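Peer 1: the sequence isn't on hand, but the structure is:
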């Protein structure tokens, strides 16, 4: 939509979303112009049509989409806006793709304070600028009070996979090593702390981060990476099970080598949660041939988002595709798929 | 995600969505495998990763995204599933793009009957097959009862614009002709009738349709089309105002030439609605040079989705960018932007 320069400004200080903001008319055009278009400003949005035209370098294209329904909207270390940008960038990066463009669709609940929306949109714009991935097109809808929950954001990203890179969840082979770029469970505990007003965990912040530059550094060092996946919903345990099943292999994880912050461990102990099932938003699991593992680890540790990287386990042959956790005392327990939902609406 | 062949089937007959279906674990994987993956089956979804890798022919890429929150979920002539496919295909087509791939993200409300979800997903899959545009990647989230409204679907599409085609909302010139491919207001009245249980309008069905083959035929006949836009939310009046403002021109529309079905006219009269502001989901406005208008009209009428096409007006010079409606008796009224919201959640 084109800017409506003759119309009065919307009230970003005290106004609230109402149904006219989703009706397709003047109020919607004002909201889009004065909030979204201003915050996300770029040449593609300025095309002013219901779609964006973009240039794409040659290569295979990666597409990923994610609805974000995290509750609360803001939490220690992030908010739904930055999460929506980082989450979709990460899903592209996990294919080895260079993220190029984002699309963002907003479902707003009637009554949402415009000031809160504006803060989140600014955070989203900042995350997109920091990642150098522009939001080139979008959509807004409004639902009646009680038919939504403040704000849902669906982000879709496209990116290009460089020639020669084949990273997929079905490529893990027995003998491969499993790496992670830092401690697990931070995001889950940060959300829980915010939701339940748990004072004792206030030092734990979400790890929400865009991992595409880390992935680029990893691929540059070890182009033969077999698998990458971000352990979000369901946590590390579920992601490893997904990869094991997809590659038809088993995995052995060394419990002592999986980094967990003391604050996360304490919160889990107190609340009866298992950190292996808690969501992460700035972590990735990498699987590579054993002979490349040290090179990959060094490359990861040299990147700001991988300083605490660890080799945490190995891929083994197993027709049952079990993921086993070896305890420091030599015991072993099965790390199964997440069953049930310990912590809904984490992302 | 990979198929979980060892797990029991979900109950698509009597089951309901619960929070575990969004948690990232086993229940979510089952839902995705047995419902979404089965209905949308294609080689890209079968990659089983959190993103799809696709091949793209050379050209400029068009991207468009839309959240769909229509209420009720099913209505005469369509449902939220087919609407979500057609709506995003249309936004791509309005740039002259050939739609290639769709991504779909679902926000499910706890308690949604799985049987209802399955019907809508099957309708969505059918619409995608009919349009020959595969759904290559997706996402599901679940929100608690009372924090959503059954089902919201966000679809994002990408397509390629053929070389030499430049269709944009800022290209209308004084002297150009304005065309539409059939009667207006059907979708709005169909939704309203369903929502309010209005028996008298049961003969009006939504016009929901994918317009990309019509657009391809139009471009083939008249490559120099200046503007295309689908008059959805806000209706024909708002779309013409958007185009007028974007191109910095005025428009004159001949009221007698705008097709309106008797059932729509009757519903509008009874309910005090203006058909010019009612949503359409299978209509497009085309603007082209005067000398091409008859050729374009003939091409539109030769296509099944354009048999009732009409030339409805002309672009004029006007620094105020007003859209004027000329009545059959020679009078004139201003066709302003939609103000307020006569009919929320129409798409």
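Peer 2: Thanks, I have it. Being a predicted model, the structure only gives us computed values, none of them experimental.
Peer 1: does residue A:285 really touch residue A:176, like I thought?
Peer 2: No. With contact taken as CB atoms under 8 Å, residue A:285 and residue A:176 are classed as non-touching, separated by 11.4 Å. From N, CA and C alone the C-beta is placed, and that goes for glycine too.
Peer 1: any common contacting residues for the two?
Peer 2: With CB atoms under 8 Å, 6 or more residues apart in numbering or on different chains applied, the contact sets of residue A:285 and residue A:176 do not overlap.
Peer 1: so where do the helices sit in the stretch 151-300 of chain A?
Peer 2: With DSSP state H, counting those that start in this stretch, the ranges of helices along the stretch 151-300 of chain A come out as A:186-196, A:212-221, A:235-247, A:262-271, A:293-301.
Peer 1: meant to ask about the stretch 1-150 of chain A, not that
Peer 2: Assigned helices in the stretch 1-150 of chain A, in chain order: A:26-31, A:38-40, A:80-93, A:114-131 (criterion: DSSP H, counting those that start in this stretch).
Peer 1: any chance of these in TSV, with distance to residue B:17 and mean pLDDT too?
Peer 2: Written out in TSV, the entries for the helices of the stretch 1-150 of chain A read as follows (distance: least, CB to CB, whole Å; pLDDT from 0 to 100):
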stretch	distance to residue B:17	mean pLDDT
helix A:26-31	30	90
helix A:38-40	33	93
helix A:80-93	21	98
helix A:114-131	26	96
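Peer 1: where does the stretch 51-200 of chain A dip in pLDDT?
Peer 2: Judged by pLDDT under 70, the stretch 51-200 of chain A has its weakly predicted residues at A:198-200.
Peer 1: 80 instead, please
Peer 2: A:58-59, A:196-200 (pLDDT under 80).
Peer 1: tell me where the stretch 1-150 of chain A has strands.
Peer 2: A:52-54, A:60-68, A:74-75, A:78-79, A:98-109, A:135-143 (DSSP state E, counting those that start in this stretch).
Peer 1: next, see if the last one gets close to chain B.
Peer 2: What that stands for is strand A:135-143. Yes. Strand A:135-143 lies within reach of chain B by CB under 8 Å from any CB of the partner chain, at A:136, A:137, A:138, A:139, A:140, A:141, A:142, A:143.
Peer 1: what's the closest non-adjacent residue to the residue nearest the centre of chain A?
Peer 2: The centroid of chain A falls nearest to residue A:87 when counting by CA atoms, centre = their mean (2.3 Å). Residue nearest to residue A:87 in three dimensions, not counting chain neighbours: residue A:66, with 5.3 Å by CB to CB, 6 or more residues apart in numbering or on different chains.
Peer 1: which residues touch that neighbour?
Peer 2: A:84, A:87, A:88, A:91, A:154, A:155, A:156, A:347, B:105, B:139.
Peer 1: which of those residues lies closest to residue B:28?
Peer 2: Nearest to residue B:28 among the contacts of residue A:66 is residue B:139, at 10.3 Å by CB to CB.
Peer 1: could you say which of the helices of the stretch 1-150 of chain A is packed most deeply?
Peer 2: Among the helices of the stretch 1-150 of chain A, judged by mean count of other CB atoms under 10 Å in any protein chain shown, the one packed with the most neighbours on average is helix A:80-93 (a mean of 29).
Peer 1: which strands or helices does that one pack on?
Peer 2: If contacts are counted by 3 or more CB pairs under 8 Å, 6 or more residues apart in numbering or on different chains; DSSP states H and E, helix A:80-93 sits against strand A:60-68, strand A:98-109, helix A:114-131, strand A:151-161, helix A:212-221.
Peer 1: and that helix with strand A:151-161, angle?
Peer 2: Compare the direction of helix A:80-93 with that of strand A:151-161 by axes from the mean of the first three to the mean of the last three CA atoms, to 10 degrees and you get 30 degrees.
Peer 1: re the thing from before, so which of the strands of the stretch 1-150 of chain A gets nearest residue B:226?
Peer 2: Distances from residue B:226 to each of these were compared by CB to CB, and the smallest falls on strand A:52-54, at 15.4 Å.
Peer 1: let me see the contact set for the nearest residue to residue A:101 once chain neighbours are set aside.
Peer 2: Distances taken as CB to CB, 6+ apart put residue A:136 closest to residue A:101, at 4.8 Å, once the chain neighbours are dropped. Residues touching residue A:136, when contacts are defined by CB under 8 Å, 6+ apart, comprise A:42, A:44, A:45, A:52, A:54, A:101, A:102, A:103, B:63.
Peer 1: closest to residue A:169 among those residues?
Peer 2: When these are compared for distance to residue A:169 (CB to CB), residue A:102 wins out at 22.9 Å.
Peer 1: quick one: contacts for the closest one?
Peer 2: Taking CB under 8 Å, 6+ apart as the test, what residue A:102 contacts is A:85, A:88, A:89, A:128, A:133, A:134, A:135, A:136, A:155, A:156, A:157.
Peer 1: spit out the contact partners of residue A:345.
Peer 2: By CB under 8 Å, 6+ apart, the contact list for residue A:345 reads A:69, A:70, A:71, B:22, B:141, B:143, B:144.
Peer 1: name the nearest residue to it, sequence neighbours excluded.
Peer 2: In space, not counting the residues next to it along the chain, residue A:345 is nearest to residue A:71; the distance is 4.5 Å by CB to CB, 6+ apart.
Peer 1: the residue nearest to residue A:228 when sequence neighbours are not counted: neighbour count?
Peer 2: Among residues not flanking residue A:228 along the chain, residue A:94 sits closest, at 4.4 Å (CB to CB, 6+ apart). As a burial measure, the neighbour count of residue A:94 was computed by other CB atoms under 10 Å in any protein chain shown and equals 26.
Peer 1: go on, the one 10 residues further on?
Peer 2: Neighbourhood size, residue A:104 [other CB under 10 Å]: 29.
Peer 1: for residue B:61, see how far away it is.
Peer 2: Applying CB to CB, to the nearest Å, the value for residue A:104 to residue B:61 is 17 Å.
Peer 1: can you give me the strands for the stretch 201-347 of chain A?
Peer 2: Using DSSP E, counting those that start in this stretch, the strands of the stretch 201-347 of chain A run over residues A:227-229, A:250-254, A:285-288, A:310-316, A:323-326, A:332-334.
Peer 1: show me the domain layout of chain A.
Peer 2: According to automatic domain parsing, chain A comprises the domains A:19-161, A:177-334.
Peer 1: nearest to residue A:196, out of the strands of the stretch 1-150 of chain A?
Peer 2: Short answer: strand A:74-75, nearest of these by CB to CB, at 11.7 Å.
Peer 1: now for that closest one, which elements pack on it?
Peer 2: helix A:186-196.
Peer 1: the helix it packs on to helix A:235-247, inter-axis angle?
Peer 2: On the basis of the same axes, to 10 degrees, helix A:186-196 is oriented at 130 degrees to helix A:235-247.
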